[in-house]
Structure formats: structure tokens, C-alpha cells
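Undergrad: quick one: sequence and predicted model below, then my questions.
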Amino acid sequence: MGRLIRGLSKNARFFVADTTDVVQKALDIHKYDEYSMKTFGKFCTLAAIMGATLKGEDKLTIRTDTDGYIKNIVVNSDANGDIKGYLINTSEENFD
């Protein structure tokens, strides 16, 4: 399980997320290449941190669509720290 640390000082609120095992589990399931996995990992970390600011049953979806190597990334998170997502790569023949 990943770790999320929340903190509060007089003037700031902060979050630190370790999503290494979450990203590794996704790699084991989906067999993404290294570049895709790094990008997907960053999106998972972002979703975990943003999800930590939610309350109750709120949910968050981060989605991007591009014309590049990675066509689409979707990551969902909730206030409980649950994360799920996927990405779609172009085939190498279609990548310029």
C-alpha cells in the first residue's frame, strides 16, 4: 500500500505521497513500457495528493488526451486514498 503523509503548520498545509508500490502493481498488471510507466506514476501521485484534499464521498478524475506517444491517461481517486487508472499508447507505427 502507498503512503500519504499530511501536515499542517501555521501558514501552510502539505502532503507527501509514496506511490511506488501502487505504480509497480500497475506495471505488473498492464506491462507498460518505461516511459509510459513514469508518466502514469506521476499522474497516480498527483491524484493521490489531490484526492487527500477531498472530503466524504467526493471523487476526483484527472484526464489528459494528446496527439503524442501516450494518447490518453485517466486516473481516479477518492477521499479514502483509493486510486485507479489506465493509459493508452499509440502503436509505434503511428508515432512520428
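TA: Received the coordinates, thanks.
Undergrad: now the strands for the protein?
TA: Taking DSSP state E, the strands of the chain run over residues 3-8, 13-18, 59-65, 70-78, 83-89.
Undergrad: what strands line up against the longest one, and which way round?
TA: Looking at strand 70-78 with DSSP bridges, its partner strands are strand 59-65 (antiparallel), strand 83-89 (antiparallel).
Undergrad: winner for burial among these?
TA: strand 83-89 (a mean of 16; mean count of other CB atoms under 10 Å). Every residue, glycine included, has its C-beta placed from N, CA and C.
Undergrad: so which of the strands paired with strand 70-78 is nearest Ile5?
TA: strand 83-89 (16.0 Å; CB to CB).
Undergrad: now do the closest one against strand 13-18, angle only.
TA: 60 degrees (axes from the mean of the first three to the mean of the last three CA atoms, to 10 degrees).
Undergrad: residue contacts, Asp85?
TA: For the record, residue 85 is Gly, not Asp. Ala26, Phe40, Phe43, Cys44, Ala47, Ile73, Val74, Val75, Asn76 (CB atoms under 8 Å, 6 or more residues apart in numbering).
Undergrad: pick out the shakiest of the strands paired with strand 70-78, pLDDT-wise.
TA: In terms of mean pLDDT, the lowest-scoring of the strands paired with strand 70-78 is strand 83-89 (a mean of 89).
Undergrad: kindly format the C-alpha coordinates of it as PDB.
TA: C-alpha atoms of strand 83-89 as PDB (Å, rounded to 0.1, in the frame of the first residue of the first chain):
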ATOM      1  CA  ILE A  83      -6.600   5.200  -6.900                       C
ATOM      2  CA  LYS A  84      -7.300   3.500 -10.200                       C
ATOM      3  CA  GLY A  85      -6.400   4.400 -13.700                       C
ATOM      4  CA  TYR A  86      -5.200   3.500 -17.200                       C
ATOM      5  CA  LEU A  87      -3.300   4.800 -20.200                       C
ATOM      6  CA  ILE A  88      -3.500   4.200 -23.900                       C
ATOM      7  CA  ASN A  89      -0.300   4.300 -26.000                       C
END
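Undergrad: Thr20 touches Leu27, doesn't it?
TA: No: taking contacts as CB atoms under 8 Å, Thr20 lies outside contact range of Leu27: 10.5 Å.
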